[in-house]
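[1] attaching a predicted model along with its sequence, questions to come.
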Amino acid sequence: MEQPSNKIVSVIAVTRGISDYLKTCLNSLKIQTFPDFETIVIDNSLQPAFGKKILSEYPFIKLHPSHENLFYCQALNKGIEGSQGNFILCLNDDVILDKYFIERALEGFSYDSRIGAVSGKILRKDGVTLDSTGLFLTLWRSTKERGYGLKDAGQFQKRGYVFGVNGAVAFYRRQMLEDIKEHGNYFDVDFHIFYEDLDIAWRANRRGWRGYYIPEAVAYHLRGGTVRPSQGINKPYARRYLNEVLHADLIKNRYLTIIKNESWLGFLLHIPFLLIYDVIMWGYILIFRPQQLKMFIANLHYMRLLLTQKIKIK
């Protein structure tokens, strides 16, 4: 791999070409107070005209058009492989950064050489509703976004350690990403989308890396803008608004994350919580989305392979 250049930050934005999301995202990058970064756009729109138009309007970007749907994880891997920075900021295109975001978020990495990921305060587009102030692992082994859906009343203004960072605005130390790389990939390509941020965080924690929260680094996220229909944007209970394929990934990826990262002792200790979560989840699925059962069975080969590998390692 090439040594990072003097461009200390690489920003990687993945787009499907929906609405004007990418333009507002790139406009927020143009006004950043921190000057030394490169911007890489992975164009997953499959529309050559879209890429040409974006490149003509934003000539400072490095555009990588895709000829097939790479999904979010594979697209990020492509961007990271072609990047040069010591720090990697991965963005959904439905994110807008405050002009001080990069400058202030970088401060988090200076607290400790083992800080591998930094989260800012992520708000919804209304500027008052919290989207995430750090990612945490729940007792039932799912993702908890601290502050999710609450009004911002200054209750999360203290800097401090977090388990991980939200995938929509994920700032990583390159050294950490290289350290936790699996089978030549930073993000697990079997995930496609969903839970990839928890998987990265859990893998990192297992290897001694930590996450950190900087509330002064502010970003705005249109929750669900790239994966939900318009009526589901910013709404709670995301699974209600996902199509069948995305919903199947959501279910599959939680199990993959647990199998990959949970210790055998941890699994035994959390069995009661896992059972409670799964009874509720599968009850919902069997009543409202029974077609998911067939898709889950079709995805079982992912879990069998991982479980076999884990047993061999142990």
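    Looks like it arrived, so ask away. This structure is a prediction, so every number in the text was calculated from the model and none was measured. Numbering: from 1, shown residues only.

[2] and the next element down the chain from the longest helix seen in the chain?
    Looking across the chain with DSSP state H, the single longest helix is helix 264-288. Going down the chain from helix 264-288, the next helix or strand is helix 291-298, by DSSP states H and E.

[3] list of residues touching that following helix?
    For helix 291-298, contacts defined as CB atoms under 8 Å, 6 or more residues apart in numbering pick out Glu244, Val245, His247, Ala248, Ile251, Lys252, Ile285, Leu286. Using the backbone N, CA and C atoms, a C-beta is placed for each residue, glycine as well.

[4] so where does Cys73 fall, helix or strand?
    Counting by DSSP H and E, Cys73 is part of helix 71-81.

[5] ok, and what's touching that helix?
    For helix 71-81, using CB under 8 Å, 6+ apart, the contacting residues are 10, 12, 14, 40, 42, 44, 64, 66, 70, 88, 90, 167, 177, 185-189, 191-193, 196.

[6] could you do stretch 216-225 as well?
    In contact with stretch 216-225 (CB under 8 Å, 6+ apart) are residues 18-19, 21, 92, 94-98, 100-102, 104-105, 107-108, 118, 120-125, 127, 131-132, 166, 168-169, 232-235, 238, 241.

[7] at 7 Å instead, please
    Around stretch 216-225, the neighbours that count as contacts under CB atoms under 7 Å, 6 or more residues apart in numbering are 21, 94-98, 101, 104-105, 120-125, 127, 131, 168-169, 232-234, 238, 241.

[8] got the buried residues for that stretch?
    Glu216, Ala217, Val218, Ala219, Tyr220, His221, Leu222, Arg223, Gly224, Gly225 (16 or more other CB atoms under 10 Å).

[9] thinking again about what came up before, show only the entries of the contacts of helix 71-81 found in helices.
    Leu177, Glu196.

[10] inside strands: which ones of the contacts of helix 71-81?
    Among the contacts of helix 71-81, the members found in strands (DSSP state E) are Ser10, Ile12, Val14, Ile40, Ile42, His64, Ile88, Cys90.

[11] distance of the closest residue in space to the fifth one that isn't next to it in sequence relative to Leu177?
    Taking CB to CB, 6 or more residues apart in numbering, and ignoring the residues beside it in sequence, Ile42 has Ala75 as its nearest neighbour in space, at 4.2 Å. When distances are taken as CB to CB, to the nearest Å, Ala75 and Leu177 turn out to be 15 Å apart.

[12] and what of Leu300?
    Distance from Leu300 to Leu177, by CB to CB: 29 Å.

[13] the two: who's more crowded?
    Higher neighbour count among Leu300 and Leu177: Leu177, with 22 against 11, using other CB atoms under 10 Å.

[14] now the more buried one: closest residue in space, sequence neighbours ignored.
    Tyr186 (4.9 Å).

[15] low-confidence regions, the stretch 201-314 of the chain specifically.
    Low-confidence regions of the stretch 201-314 of the chain, defined by pLDDT under 70, span residues 224-239, 312-314.
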